[in-house]
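Enquirer: Sequence first, predicted model second:
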Amino acid sequence: MKRIFILLVLIHSIQIIGQNNNAENRIIKVDYRKEAGKLNTMFKECIGAGRANEGLRADWQQQWALVKKECDFKYIRFHGLLTDDMGVYREDEKGNPEYNYQYVDVLFDYIVSLKMKPFVELGFMPNALASGKETIFWWRGNVTPPKDYKKWEDLIQNLAQHFTERYGAEEVKTWYFEVWNEPNLSPGFWTGTQADYFKLYEYSARAIKSVNKDYKVGGPATAGAAWVPETIDFCAKNNVPMDFVSTHTYGVKHGYLDEFGTSGTILSQDEFSVSGDILNSRKQITASAKPNLELHYTEWSTSYTPADPIHDSYHSAAYILQKIKQVGNAANSMSYWVFTDIFEEAGPRFTPFHGGFGLLNTQGIKKPAYFSYYLMNKLGETELQNTDKNSWITKNEKGDVQLLFWDFTNTHPGDKVLNQTYYLQDLPSKSKGIVKIELDHLAKGKYDLEIYKVGYKTQDVYADYLAMKSPKQLSKEQVKLLKEKNSNCLLSTEKIKIDAKGTFNREIAINENDVYMFRFVKH
C-alpha cells in the first residue's frame, strides 16, 4: 500500500508540472531600475452614469462618493441633461424661451464638491423645443431635431454662460461638451439624418465657443465607432470648431441598441474587440485634417444591453484590464458604461442581479468589474519596462512597487449560445498553470507584501448570489452578507525582506480570468 501511495503522489506531481508547462511558462521579469515612463491613467479619466435625474437620488450619490474615493475617476458623463425631468426649458404663451437650472445646479454642485468634473453631454431635446414626439427609453428622452435651431443655439449658449457664472471660466475650460448621443442610431437616438446632426453640432459648437473660445466641444458620440472621418471632414471644410472626437464601442457581436433590455447578445471571439475600434479611430484621426484631436471613448463595456449577465460575471474583471492594456496610448479616455445599476433606461429593474451595466448593483454591492478599477487606481506613478502583455508593474516615490497581472480567457462557446444563457450559470475556471514573478534590483529593506485577488468565487458576488438560490429581492441580512464578502479583494498580507541582491521571486498558480495584484509597501 505504501508503494502504491508513493506512486500516486508521483503521478499527481508529474500531472501538475505538465499542466504548468502547458501554460507557456509565463514569466513576468522586471528590473526596478528600468523605467518606461509616467503611467498612463486614461482608464480613470471618465466613467458613465445613466441619466442626469438619477444623480439627484441619495443612493446614487452615496454610491458615487464610494466610487470616487476608491477608484478616483476624474469625469462623469450621463444622458438626459436637457430632458424634461431636469426642468431646463419651456416657452411662455408667446413662444419666448424660459430657462431653469435648479436641478442641474444640485447635480453639478455635488459633482464639483467631490473634486470631479462633468463630461457634459448635450441632449436630449426639451419637448417644448422639439420638432417631433419620438422618444427613447422608459424615461422618454426626446430624440428629434429642434424645431428652431436658433433657439437650440440660444439654450446651449445660455447654459454655458450659466456654468461660467456659477463655476468660473477657468474651471469650465477643463470640462468637455459633447453634442448628443449616438445620432447614427436612427430613429433610436436621433430621428434626423447625418446632415441634420452636423447642423446640430455646428449650432452647438458655435454656441459653446461664443461664451469662451477655450471651452472644449466635440462629437459625434456615435455607436460602433462610426462617423469619425465624416465629422472631422465636415468641421474642417466648414470651419466648425472641434476639440475632440468621441464615439462608443462594445464587445458583443451584432447590433448597438437594446432599448428595453430584451435582446440576446454574444461576446465577440475577436481578440481585439473594443480595443481594435479604438486603435482604428486613432488612425482615422491621425490621417485626417485634424490629426491632433483628443480621442474619448465615452461609452464602452463588454455588452451594450442592460440585461447581460456578463456584466455581473467574474469574467468582466479580466476583460476590462485586457482591453485597456491593449489600447495603450491610443485614447485620452475610455469611459466605462456605467458605475451603478441605478440605471433606468429600460425602467426600474426587478431583481438585484439582472445583468446591469454597473460596477455596483442597485444596493451598492461591488461586482468583480469594480475591482479592476479599484486595483488600477492602486498602481504607482511610474511604469516599469515589462514585456508581459497582461500586466502592469509600477513604482512610486516612496519606493513601493505594484504588480497587477491577470489572465483573460474567452470561454464563451460561440454563436449558438447567448450571453443571457451562458453567463447565468456557475462557470468554474480552469487552471492556466503558473506565473513566475522575477523582480530585480529592488531597494533593500522590509516590505509588507499585500496580495489581492479577483476570480471565480473570489470577490465573485454573482456566485454568492447563485448560492443564495438567486432571490428576486434581497433582505437586509442578505445585502449585508454580500457586501461583507465582496467589499475588499485583499487576499493576504505578509512581511518580506529584500536583501542586498534586490531580488524577489515567487511562483503563483493562476486560473482562467483570475486577476492578481502584488503590492510591495516599503517600511
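Expert: Thanks, I have it. Residues are numbered from 1 along each chain as shown.

Enquirer: Show me what the most centrally placed residue in the chain is bridged to.
Expert: The chain has Tyr336 as the residue nearest its centroid, 1.6 Å off, counting by Cα atoms, centre = their mean. Beta bridges link Tyr336 to Ile47, Trp300, judged by DSSP bridges.

Enquirer: which stretch of helix or strand covers Thr231?
Expert: Using DSSP states H and E, Thr231 maps to helix 228-238.

Enquirer: Mind listing what's buried along that helix?
Expert: Within helix 228-238, the residues scored as buried using 16 or more other Cβ atoms under 10 Å are 228, 230-232, 234-235. In short, each C-beta sits where N, CA and C put it, glycine included.

Enquirer: how about CSV for those residues, with distance to Ala221 and pLDDT added?
Expert: Output for the buried residues of helix 228-238, formatted as CSV (distance: Cβ to Cβ, whole Å; pLDDT from 0 to 100):
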residue, distance to Ala221, pLDDT
Val228, 11, 98
Glu230, 13, 98
Thr231, 10, 98
Ile232, 14, 98
Phe234, 14, 98
Cys235, 14, 98
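
Enquirer: how about those residues in JSON lines, adding distance to Leu379?
Expert: Listed next are those as JSON lines, based on distance: Cβ to Cβ, whole Å:
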{"residue": "Val228", "distance to Leu379": "30"}
{"residue": "Glu230", "distance to Leu379": "37"}
{"residue": "Thr231", "distance to Leu379": "34"}
{"residue": "Ile232", "distance to Leu379": "33"}
{"residue": "Phe234", "distance to Leu379": "39"}
{"residue": "Cys235", "distance to Leu379": "36"}
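
Enquirer: Just the angle for the helix or strand that comes right after the helix holding Thr231 relative to helix 228-238, thanks.
Expert: Toward the C-terminus, helix 228-238 is succeeded by strand 244-250 as the next helix or strand (DSSP H and E). In terms of direction (axes from the mean of the first three to the mean of the last three Cα atoms, to 10 degrees), strand 244-250 departs from helix 228-238 by 160 degrees.

Enquirer: Okay, now the sheet partners of strand 244-250, with direction.
Expert: Its sheet considered, strand 244-250 pairs with strand 216-222 (parallel), strand 294-301 (parallel) by DSSP bridges.

Enquirer: Tabulate the ones you listed (CSV), appending mean pLDDT, distance to Ile342 and mean neighbour count.
Expert: CSV is the format used below for those (pLDDT from 0 to 100; distance: least, Cβ to Cβ, whole Å; neighbours: other Cβ atoms under 10 Å):
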stretch, mean pLDDT, distance to Ile342, mean neighbour count
strand 216-222, 98, 22, 26
strand 294-301, 98, 16, 24
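
Enquirer: Just put those in CSV and tack on distance to Trp152.
Expert: CSV is the format used below for those (distance: least, Cβ to Cβ, whole Å):
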stretch, distance to Trp152
strand 216-222, 14
strand 294-301, 21
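
Enquirer: Could you pull up the contacting residues of the residue nearest to Ala317 when sequence neighbours are not counted?
Expert: Spatial nearest neighbour of Ala317, excluding adjacent residues (Cβ to Cβ, 6 or more residues apart in numbering): Pro368 at 4.1 Å. Pro368 makes contact with 313-317, 454, 459-462, according to Cβ atoms under 8 Å, 6 or more residues apart in numbering.

Enquirer: Apply 6 Å and report the result again.
Expert: Pro368 sits next to 314, 316-317, 454, 459-460 when contact means Cβ atoms under 6 Å, 6 or more residues apart in numbering.

Enquirer: go on, Phe518?
Expert: Applying Cβ under 6 Å, 6+ apart to Phe518 gives the contacts 403, 451.

Enquirer: What residues sit buried inside the helix or strand it falls within?
Expert: Here Phe518 sits within strand 515-522, counting by DSSP H and E. By 16+ other Cβ under 10 Å, the buried positions in strand 515-522 come out as 515-520, 522.

Enquirer: so what are the domain limits for this structure?
Expert: 27-38+383-522, 42-379 (automatic domain parsing).

Enquirer: Identify, out of those domains, the most deeply packed stretch.
Expert: Mean neighbour count (mean count of other Cβ atoms under 10 Å) peaks for domain 42-379 among those, with a mean of 20.

Enquirer: So what would you say the end-to-end distance of that domain is?
Expert: Taking Cα to Cα, to the nearest Å, the span from the opening residue of domain 42-379 to its closing residue is 13 Å.

Enquirer: quick check, nearest of the buried residues of strand 515-522 to Tyr423?
Expert: Val515 (17.2 Å; Cβ to Cβ).

Enquirer: quick one: the closest one and Asp407 touch, right?
Expert: No: Val515 lies out of contact with Asp407 (Cβ atoms under 6 Å); the separation is 8.2 Å.

Enquirer: lowest-confidence helix or strand of the chain?
Expert: helix 2-21 (a mean of 37; mean pLDDT, DSSP states H and E).

Enquirer: so after it, what's the next helix or strand?
Expert: Per DSSP H and E, the helix or strand that comes after helix 2-21 is strand 27-31.

Enquirer: All set now, cheers.
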